[in-house]
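Engineer: Quick one: sequence and predicted model below, then my questions.
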Amino acid sequence: MRKTIFDSWIMFKRCLAISLRNPETLLTATVLPFIVMLLFTNILGNMTQLPNFSYVDFIVPGIIMQSIGQASQYSAMNVATDMTKGIIDRFRTMSISKSAVIIGHTGAGVIRNSISIVIIIGTAIVIGFRPQAGFQDWAIVIGLLILVNIAMSLISVMCGLIAKSAEGSISLMLPFFILPLVSSGFAPVDTMADGIRWFARNQPMTPIIDSIRSLTLDLPLDDNLTIALAWCIGTILVAYFVSLQIYKRKIA
């Protein structure tokens, strides 16, 4: 266990250093959701009437989830690059824990995604986002976002391991940029067509988005938080063990 932690820390620093050498990846991950926010608030916001709160307050959780999906593409790309450029063959000659590569890339992905979230929330406040959450609510939001970040980063690692190229890994992550659009992130689920409404209600983004919205705007939580936590924890466990098995098979 001590060796795994040490190896994971070394791999985490390596992956973070790669990100710092390519700041344009983080810039793209934050600029695109920022542009989407401006478009939705200035175009659809004038046409959408929502009771009790403004459209900016409504869409912030959806923008956050979209920014996480966008930023996670670079974790998948970095993993795919490692798997195809020969560095993994070098790691095989060293006494490195097999899970360290996965944990290192996941940790670096969480840091990148967290920076993106902070920028998005700061931008939203400038535009007009007015959260009403107390300290306890913000603590729950932060905890939930950390779990979402870990889950999404592990999914991106898995996609990077599956893909045959860095470009292909980005394509595999595209659904996680689109899923927030087909959820409660940008429009109430009740306003959607029947088939889309059923999908939006039962996909994982909706309870996560509803939980963040309820916590930040002091609205009733219902059972959304429990469902969101179940999705996150289940995804983390499945994605980690599947990624580890794929990695072991590829380096065997």
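Structural biologist: Cool, got the structure. Numbers count the residues shown, from 1 in each chain.
Engineer: neighbours around L16, how many?
Structural biologist: L16 has 16 neighbouring residues, counting by other Cβ atoms under 10 Å. Every residue, glycine included, has its C-beta placed from N, CA and C.
Engineer: Relative to S156, how far out is it?
Structural biologist: 15 Å (Cβ to Cβ, to the nearest Å).
Engineer: Pull up the gap between F199 and S183, please.
Structural biologist: Distance from F199 to S183, by Cβ to Cβ: 9 Å.
Engineer: more crowded one of these two?
Structural biologist: Taking other Cβ under 10 Å, F199 and S183 do not tie; S183 has more neighbours (27 against 15).
Engineer: Next up, the contacts around the residue most central in space within the chain.
Structural biologist: Residue closest to the average C-alpha location in the chain (Cα atoms, centre = their mean): I68, at 3.2 Å. For I68, the contacting residues are N113, S116, I117, V148, N149, M152, F176, by Cβ atoms under 8 Å, 6 or more residues apart in numbering.
Engineer: so for the strand or helix carrying L144, what's the average pLDDT?
Structural biologist: Remark: L144 resides in helix 135-162, with elements defined by DSSP states H and E. In this model, helix 135-162 has an average pLDDT of 93.
Engineer: and that helix, which residues are buried?
Structural biologist: Neighbour-count burial for helix 135-162, counted by 16 or more other Cβ atoms under 10 Å, picks out 137, 140-141, 144-145, 147-162.
Engineer: Look at the residue nearest to the centre of the chain and report its pLDDT.
Structural biologist: So I68 comes in at 88 (pLDDT).
Engineer: centre of the chain versus stretch 179-198, how much separation?
Structural biologist: 19 Å (Cα atoms, centre = their mean, to the nearest Å).
Engineer: Contacts for that stretch next, please.
Structural biologist: The contact list for stretch 179-198 (Cβ under 8 Å, 6+ apart) reads 40, 44, 48, 50, 59, 61-63, 65-66, 69, 199-201, 203-206, 209-210, 213.
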